[in-house]
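Undergrad: sequence first, predicted coordinates after that:
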Amino acid sequence: MMSWICWVAVLTVGVATSASTALAGIPIPSPIHSTYPQKSITLVGRNDSNTPAEDSAGEFMVIVRNTDGFPSPGAEVTINFSNCTPDILVSDIQTFPGLSVTCDGAGPTVRAFANGQGVVWLRILGAAVNAGNSPGAGPDCAVLRAQGVFFNTLTIAAFDQNSSAVQNGVRANDVAVVISDVLAKVVVGRSDFNHDEVVQIDDVPILISTLLSGRSAQNVASICP
């Protein structure tokens, strides 16, 4: 979990952005009234045979609402991955409709804008660097915001764990390295596919299902530096 110092820093940023949010013509988002992932998300690959091509197993939704509980159309939703080191990789081309990514000194940040009902759908392309029980980011490494207002921290899992190349997609060796994580009882987010914040044997069948389905058989060829 984040230290109290990190929480203070995050909340300070949220307060500082409230005035600019209101001036932009979009009501200040309310974490209390909004809907968003409470624990984890999974980075996925793609398969050009599907429409849309991005693996639906990684899909999640954010509904941005204001302090009165009404939708906030046009609100910018961002997820920053700067603390998800050393293993989490975010693809520098996000192909799911409406998504974009910024790769800079502030760390990879994926963003999308809410529709007329305040809803954002996301499927994020990415992977992990894991040779089997490799060092990795723990829980709550990513930060979810709407219009700059802090919503939540998220643990990041990733189906494609082959450290050789993100473009390879999910292969049998990805299953092997996840089993290594399970046996070592590592505290990392990358292999927590059922989002219960524990890496255990129950996570393995989820990755096997992904492998057999071919939904994440491909990935993009480059990542955020």
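TA: Sure, I can see it.

Undergrad: quick check, central residue of the chain?
TA: Note on the chain: the residue nearest the mean C-alpha position is Ile41, at 5.0 Å, using Cα atoms, centre = their mean.

Undergrad: hey, what's that one bridged with?
TA: Here Ile41 shows beta-bridge partners Ile156, assigned using DSSP bridges.

Undergrad: endpoint to endpoint, stretch 143-155 covers what distance?
TA: Stretch 143-155 has an end-to-end distance of 9 Å (criterion: Cα to Cα, to the nearest Å).

Undergrad: now it, how far from the centre of its chain.
TA: 11 Å (Cα atoms, centre = their mean, to the nearest Å).

Undergrad: ok, now which ones touch Val199?
TA: Asp181, Val182, Lys185, Val186, Val187, Val188, Ser191, Asp192 (Cβ atoms under 8 Å, 6 or more residues apart in numbering). In this view, the C-beta of every residue, glycine as well, is placed from N, C-alpha and C.

Undergrad: oh sorry, the question was meant for Val62
TA: Ser34, Thr35, Tyr36, Pro37, Val77, Ala114, Val119, Val120, Leu122, Leu144, Ala146, Phe151.

Undergrad: switch the cut-off to 7 Å
TA: By Cβ atoms under 7 Å, 6 or more residues apart in numbering, the contact set of Val62 is Thr35, Tyr36, Val77, Val120.

Undergrad: same check on Gly136?
TA: Counting by Cβ under 7 Å, 6+ apart, Gly136 touches Asp87, Ala128, Asn130, Val186, Val188, Arg190.

Undergrad: rebuild these as JSON lines, extending it with neighbour count.
TA: Output for the contacts of Gly136, formatted as JSON lines (neighbours: other Cβ atoms under 10 Å):
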{"residue": "Asp87", "neighbour count": "22"}
{"residue": "Ala128", "neighbour count": "30"}
{"residue": "Asn130", "neighbour count": "26"}
{"residue": "Val186", "neighbour count": "19"}
{"residue": "Val188", "neighbour count": "24"}
{"residue": "Arg190", "neighbour count": "30"}
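
Undergrad: would you point out the most distant pair within these?
TA: The span of those, defined through Cβ to Cβ, is set by Ala128 and Val186 at 11.9 Å.

Undergrad: how near is Ile206 to Asn168?
TA: For Ile206, the distance to Asn168 (Cβ to Cβ, to the nearest Å) stands at 19 Å.

Undergrad: can you pull out the helices in this protein?
TA: Counting by DSSP state H, residue ranges of the helices within the chain are 4-23, 172-184, 204-213.

Undergrad: what is the burial count for Pro97?
TA: 10 (other Cβ atoms under 10 Å).

Undergrad: quick one: contacts for it?
TA: Applying Cβ under 7 Å, 6+ apart to Pro97 gives the contacts Pro52.

Undergrad: I'd like the numbering to begin with 40 instead of 1 from here.
TA: In the new numbering, first residue 40, that becomes Pro136.

Undergrad: which pLDDT value belongs to it?
TA: What the model reports as pLDDT for Pro136 is 97.

Undergrad: next: Pro264.
TA: Confidence at Pro264, expressed as pLDDT, is 81.

Undergrad: for it, which non-adjacent residue is spatially closest?
TA: Leaving aside its chain neighbours, Pro264 sits nearest to Cys142 (6.1 Å; criterion: Cβ to Cβ, 6 or more residues apart in numbering).
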